[in-house]
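Visitor: show me how the following folds:
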Amino acid sequence: MGNSTSNPDRQGSGDLLYRDEVYQTVGAAMEVHSVLGCGFLEAVYHEAMEKELAQRNIPFTSQTNLTLTYKGLPLSKSYIADLVVFSKIIVELKAVDRLTSVDEAQVLNYLKATGMQVGLLFNFGSGSLQWKRLILTSDYRSGRNLHKI
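Guide: Numbers count the residues shown, from 1 in each chain. From the prediction side, this is the model:
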């Protein structure tokens, strides 16, 4: 991540990109994990997230087909996002022992291929909720760097 004075994840006011939206979504995931705990299949957490997001009036779409592009050209294959919240944040759900760099790379590739900037990766499979906020930077788009917060 480095000690850069220019952080692409910051807006002009110094706030994190989509800070409030991420905070609300993480809160919903924490509630789902608090109620269900670990041990269920991913599909159970997915349905519970849908219900929790709806109860909190967080706009979302589920199992959304997102167009992938290659060098600006649309591909015939699409990515089906677990959830997209606020029409701008990809949410990937897992129910595994622990998150890996492969899981992070999956979300970053989805961001790169869709042009979205922020992704949330949640793992409901451990004793406490694991989550990562992933940001697609212009350096990563060109294959040089990634940024996690």
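Visitor: which strand of the protein spans the most residues?
Guide: Counting by DSSP state E, the longest strand found in the chain is strand 73-85.
Visitor: run me through the strand neighbours of that strand, direction for each.
Guide: strand 60-70 (antiparallel), strand 89-94 (antiparallel) (DSSP bridges).
Visitor: what is the mean pLDDT for it?
Guide: Strand 73-85 carries an average pLDDT of 91.
Visitor: re earlier: let me have the strands paired with strand 73-85 in CSV, adding mean pLDDT as columns.
Guide: What follows is the strands paired with strand 73-85, written out as CSV (pLDDT from 0 to 100):
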stretch, mean pLDDT
strand 60-70, 89
strand 89-94, 97
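Visitor: need the winner for burial among those strands.
Guide: strand 89-94 (a mean of 22; mean count of other C-beta atoms under 10 Å). Just so you know, the C-beta spots here come from the backbone N, C-alpha and C atoms, and that holds for glycine as well.
Visitor: and after it, which helix or strand comes next?
Guide: helix 101-114 (DSSP states H and E).
Visitor: export that next one to PDB, keeping only CA atoms.
Guide: C-alpha atoms of helix 101-114 as PDB (Å, rounded to 0.1, in the frame of the first residue of the first chain):
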ATOM      1  CA  SER A 101      -5.600 -14.200  -1.600                       C
ATOM      2  CA  VAL A 102      -7.500 -16.100  -4.300                       C
ATOM      3  CA  ASP A 103     -10.800 -14.700  -2.800                       C
ATOM      4  CA  GLU A 104      -9.400 -11.200  -2.900                       C
ATOM      5  CA  ALA A 105      -8.100 -11.600  -6.400                       C
ATOM      6  CA  GLN A 106     -11.600 -12.800  -7.500                       C
ATOM      7  CA  VAL A 107     -13.200  -9.600  -6.200                       C
ATOM      8  CA  LEU A 108     -10.500  -7.400  -7.700                       C
ATOM      9  CA  ASN A 109     -10.900  -9.100 -11.100                       C
ATOM     10  CA  TYR A 110     -14.600  -8.500 -10.900                       C
ATOM     11  CA  LEU A 111     -14.000  -4.900 -10.200                       C
ATOM     12  CA  LYS A 112     -11.500  -4.600 -13.000                       C
ATOM     13  CA  ALA A 113     -13.800  -6.300 -15.500                       C
ATOM     14  CA  THR A 114     -16.900  -4.300 -14.600                       C
END
